[in-house]
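Novice: Structure for the following, please:
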Amino acid sequence: MASLNHDLLIRSFTIDDSRIPRSSYLRKIPALKGLHELSFHRNVTLFAGENGTGKSTLLEALAIACGFNPEGGTRNYAFSSRDSHSDLYQAIRLVRGVRKPKHGYFLRAESFYNVATKEEEYSAYGGTPAHFHEKSHGESFLAMAREHFTGDGLYFLDEPEAALSAQGQLGLLLKIHECAANGAQFVIATHSPILLALPEAEILNFNDGELRVCSYEETDSYRIYEMFIRNRKQVLKHLFEDESDGE
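Specialist: Numbers count the residues shown, from 1 in each chain. All right, here's what the predicted structure looks like:
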């Protein structure tokens, strides 16, 4: 699944710091504050790190810069329920590969309900409706992947594990692996130790105030889940004792 940089749909991007207002909260996010350029090296790039470290902010900006609707969907979607995206996309300059994506999708777990609603509305003008609202939240995520993921597409996924069981995450992992092996490119922000385990993906850690490549075993998701599973009783005992001490 590994790919040379020149085979990728998006090779790299730069950020023009002068296009970010001085008062913007973006300047207060350590991992983004010092980021001026980033190259992609694999078909799948995973953003890992704690909440608030800038993973979703950067992924969202990249998706919008690539022409996707801020709330998600394909590049044909054009609607807005509530503008909540940052201005970071305006400062991003993409370096595209030779190939052009024929398909694509931007998944935001938090706004997928709105996208599913619009997908049903759009289907009234032609095409086969996906009927996402007739499925459970997790089933609709997997149906979206089956419907839209192909080997010649560009995909941005923000915490796709949010609605998925462990088995569902494995199903999504397989679909991503199959599409990436056939030329698709994915950028994924995730806390899932299952998705982070995708073979040959590159993991970028947003912790510690800067983006850096890390191994699977270095991610917080892996370390904390492993510690909990191996030492569940001790961890819970320590956690609840600390809670009692604070009362």
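
Novice: Now do the buried residues in stretch 162-179.
Specialist: Judged by neighbour count (16 or more other CB atoms under 10 Å), stretch 162-179 contains these buried residues: 162, 163, 164, 168, 169, 171, 172, 173, 176, 177, 179. All C-beta spots, glycine's among them, are computed from the backbone N, C-alpha and C.

Novice: now, which of these sits nearest residue 204?
Specialist: For the buried residues of stretch 162-179, the residue nearest residue 204 by CB to CB is residue 176; the value is 16.4 Å.

Novice: secondary structure class for that closest one?
Specialist: What DSSP: H, G, I helix; E, B strand; the rest coil gives for residue 176 is helix.

Novice: if we can go back for a sec, closest one of the buried residues of stretch 162-179 to residue 99?
Specialist: Nearest to residue 99 among these, counting by CB to CB, is residue 179 at 14.1 Å.

Novice: follow-up on the earlier one: looking at the buried residues of stretch 162-179, which has the smallest pLDDT value?
Specialist: Least confident by pLDDT among the buried residues of stretch 162-179: that is residue 163, with 83.

Novice: All the strands of the protein, residue numbers only.
Specialist: 10-15, 37-39, 44-48, 92-96, 103-108, 153-158, 185-189, 202-205, 212-214 (DSSP state E).

Novice: can you tell me which of those the model trusts least?
Specialist: Mean pLDDT, when computed for each of the strands of the chain, is lowest for strand 103-108, at a mean of 90.

Novice: Does anything pack onto that one? Which helices or strands?
Specialist: helix 137-148, strand 153-158 (3 or more CB pairs under 8 Å, 6 or more residues apart in numbering; DSSP states H and E).

Novice: Make a markdown table from the ones you listed and add mean neighbour count to it.
Specialist: As requested, the helices and strands packed on strand 103-108 are exported to a markdown table (neighbours: other CB atoms under 10 Å):
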| stretch | mean neighbour count |
| --- | --- |
| helix 137-148 | 18 |
| strand 153-158 | 25 |
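
Novice: Pipe the ones you listed into TSV and attach distance to residue 30 per row.
Specialist: Shown next, in TSV, are the helices and strands packed on strand 103-108 (distance: least, CB to CB, whole Å):
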stretch	distance to residue 30
helix 137-148	31
strand 153-158	20
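
Novice: Any idea which of those gets closest to residue 52?
Specialist: For residue 52, the closest of the helices and strands packed on strand 103-108 is strand 153-158, at 14.2 Å, according to CB to CB.

Novice: I'd like the distance from that closest one to the chain centre, please.
Specialist: 7 Å (CA atoms, centre = their mean, to the nearest Å).

Novice: re earlier: so which of the helices and strands packed on strand 103-108 comes closest to residue 12?
Specialist: strand 153-158 (14.1 Å).

Novice: okay, now the domains of this protein?
Specialist: Structural domains annotated on the chain: 5-214, 217-247, as defined by automatic domain parsing.
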